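J.: predicted model and sequence below, questions to follow.
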Amino acid sequence: MGIGYILAGLIFLFEPFINIIDILPDFIGYLLILRGMAKMADVEYKLAQAKTKMTHALAVSIGRFGVMLLGFFAKFDNTLVLVFVFSFAVLELFFVLPAFKALFEGIDYLEMRFAPNGVSKKTEEAAKLTPVFLVVRAACATLPELTALKTDYGYVTSGGDADWTGVIRTMLTIICAAAALVFGIVWLSSAWKAFSQVKNNKPFIAYLEERYNTEVLPDEARAIKRSVKNFWRIFFASLFFLFSISIDFHYIIPTFALGICAFFAFGSASKYTEDLKRSKLLSLAFSAVMLLQYVFLWLYCAGLGGVLFPYEHPSFIKLYIPFALLTVCGGVLLFLLFGDVKKTMVRLLDDSVGYRQYTDLRRQEIDDERRTELSRKASKLCVICRVFAIAHATLTLSIPWFSLAWAVQSVLCFVVIMFAYSAMCDVFAEAEKVL
């Protein structure tokens, strides 16, 4: 039932934060836990609620990780670090506390009803310890950063003006990190024992598997609705990687991540992807090419980013040609990738719109009209995406001559995302009628 994924996910959550630095990325842990909860969430309502809240916590942790990466390229002052740390701590607690509460309550309910020995004491202990650990971890990340609020009025003594803020901050960071790590190890040990016991309870797991296989798997309407929503959500999220942000003449958004998202999007709608193998290979090829392009673009920016007329520099050709060729290849692959996205979208709409097959002729006509309308909107979106793929590659190639290329890329990307959001809302509204 995926308990092994939950155990693996816990490993990414036990370590402390050091201001905005997350050594073991939390979002990987949340992804693994969500993967582990997928089947159980279909069996028990509380676990479905936990899955929703955990998804929101995942979004917050991705934001934190993005800010952490941004911090490697842009210098944040201590006050800004405090704002980020406090904001992400509060947001994450707002979602992850009820998520874990619902997770343990759902498992408790299933154990109480279907486990031979009832509710495990280890599950109850882990449920009590989890909120304590999460609050302590958030507090220990925030406390050292409060030194940024210290106001120095600048008095001077004969011995000089000694500012101990940095020393105090360092000591607090070490103490708080050590305390959070101790709590994390204790929590990990408790949660690991609880979920291991659930995993090793063979009759209980067998019952859940049987219930899932008999009640959930045969439900075709649920599968269609899930495929539609998962594909569109992942596709929509992938578009954000086409934004361009330049800091100190360095482009920091990893465009190659779009290919990874596309790989999972096609996997989530494998039944509706015309040529799944081709689409996945295309996604991986795009990621590989754009990863190399990202490296060569960084080399170009490191060498010529601050030069006023880079195309007149002796090393221009050597630095420009590799990333230019890879940009062209990436643009072609992205153009083809959006073509496969369009085919999958249309096939999903063909199956989901009008799924209930009403006998009323007028209702059938309405469904046909709605299917045609949404298919046309999805096709138009993919045409816009393909035009944007060409524009994105062209603007990237123009970087040596047009320093604001990244700004134009971002504006165009925003337009594409708004159009995609509108189409996604319409498709989701129709998908709700399936089940």
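T.: Done, it's in. This is a predicted model, so every value here is computed, not measured.
J.: C-alpha from now on. contacts and neighbour counts both.
T.: Fine.
J.: within the helices and strands, which one has K380?
T.: helix 361-397 (DSSP states H and E).
J.: which strands and helices sit next to that helix?
T.: Applying 3 or more Cα pairs under 8 Å, 6 or more residues apart in numbering; DSSP states H and E, we find helix 361-397 packed against helix 316-352, helix 405-431.
J.: report the buried residues of the first one.
T.: Going back to what we said before, that points to helix 316-352. 316, 319-320, 322-324, 326-352 (16 or more other Cα atoms under 10 Å).
J.: ok, now the shortest one?
T.: The neighbour-count check on helix 405-431 (16+ other Cα under 10 Å) flags 405-406, 409-410, 412-414, 416-417, 419-420, 423-424, 427, 430-431 as buried.
J.: that helix versus helix 361-397: what angle between them?
T.: 170 degrees (axes from the mean of the first three to the mean of the last three Cα atoms, to 10 degrees).
J.: I'd say L284 and L258 touch.
T.: No. Judged on Cα atoms under 8 Å, L284 makes no contact with L258 at a distance of 9.7 Å.
J.: who has more neighbours out of those two?
T.: Neighbour count, other Cα atoms under 10 Å: between L284 and L258, L258 has more, with 23 against 20.
J.: tell me which helix or strand the more buried one sits in.
T.: helix 257-268.
J.: and for V198?
T.: helix 165-200.
J.: what's the first helix or strand after that helix?
T.: helix 202-211.
J.: what pLDDT, on average, does the helix or strand following that next one get?
T.: Note on helix 202-211: by DSSP H and E, the next helix or strand toward the C-terminus is helix 220-239. Mean pLDDT, computed over helix 220-239, is 84.
J.: what packs against helix 220-239?
T.: Against helix 220-239 (3+ Cα pairs under 8 Å, 6+ apart) you get helix 257-268, helix 316-352, helix 405-431.
J.: turn the ones you listed into CSV, including distance to R376 and mean pLDDT.
T.: Output for those, formatted as CSV (distance: least, Cα to Cα, whole Å; pLDDT from 0 to 100):
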stretch, distance to R376, mean pLDDT
helix 257-268, 20, 88
helix 316-352, 9, 88
helix 405-431, 10, 88
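J.: can you redo the ones you listed as CSV with distance to G106?
T.: Listed next are those as CSV, based on distance: least, Cα to Cα, whole Å:
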stretch, distance to G106
helix 257-268, 25
helix 316-352, 30
helix 405-431, 27
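J.: which of those sits closest to Y294?
T.: The minimum distance between Y294 and the helices and strands packed on helix 220-239 falls on helix 316-352, with 7.8 Å, by Cα to Cα.
J.: how far off helix 220-239 does that closest one point, in degrees?
T.: Using the same axes, to 10 degrees: helix 316-352 against helix 220-239 is 160 degrees.
J.: so helix 316-352 versus helix 257-268, what angle?
T.: 20 degrees.
J.: mind listing the helices in the stretch 51-200 of the chain by residue range?
T.: 78-114, 121-142, 165-200 (DSSP state H, counting those that start in this stretch).
J.: looking at the ones you listed, which is nearest to L149?
T.: When these are compared (using Cα to Cα), the closest one is helix 78-114, at 7.2 Å.
J.: other SSEs contacting the closest one?
T.: So helix 78-114, by 3+ Cα pairs under 8 Å, 6+ apart, packs with helix 45-73, helix 121-142, helix 202-211.
J.: care to break the protein down by domain?
T.: 1-149+164-218, 220-435 (automatic domain parsing).
J.: how far does the last one sit from the chain's center?
T.: For domain 220-435, the gap between its own C-alpha mean and the chain's C-alpha mean amounts to 16 Å (Cα atoms, centre = their mean, to the nearest Å).
J.: from here on, call the first residue 40.
T.: With the count now opening at 40, the last piece we talked about shows up as domain 259-474.
J.: quick one on the thing from earlier: which one of the helices and strands packed on helix 259-278 lies closest to E150?
T.: Here helix 296-307 is closest among the helices and strands packed on helix 259-278 (Cα to Cα), at 30.1 Å.
J.: contact partners of the closest one?
T.: Residues outside helix 296-307 that contact it (Cα atoms under 8 Å, 6 or more residues apart in numbering) are 266, 269-271, 273-274, 276-278, 280-281, 312, 315, 318-319, 322-326, 383.
J.: show me what contacts R272?
T.: R272 neighbours (Cα under 8 Å, 6+ apart): none.
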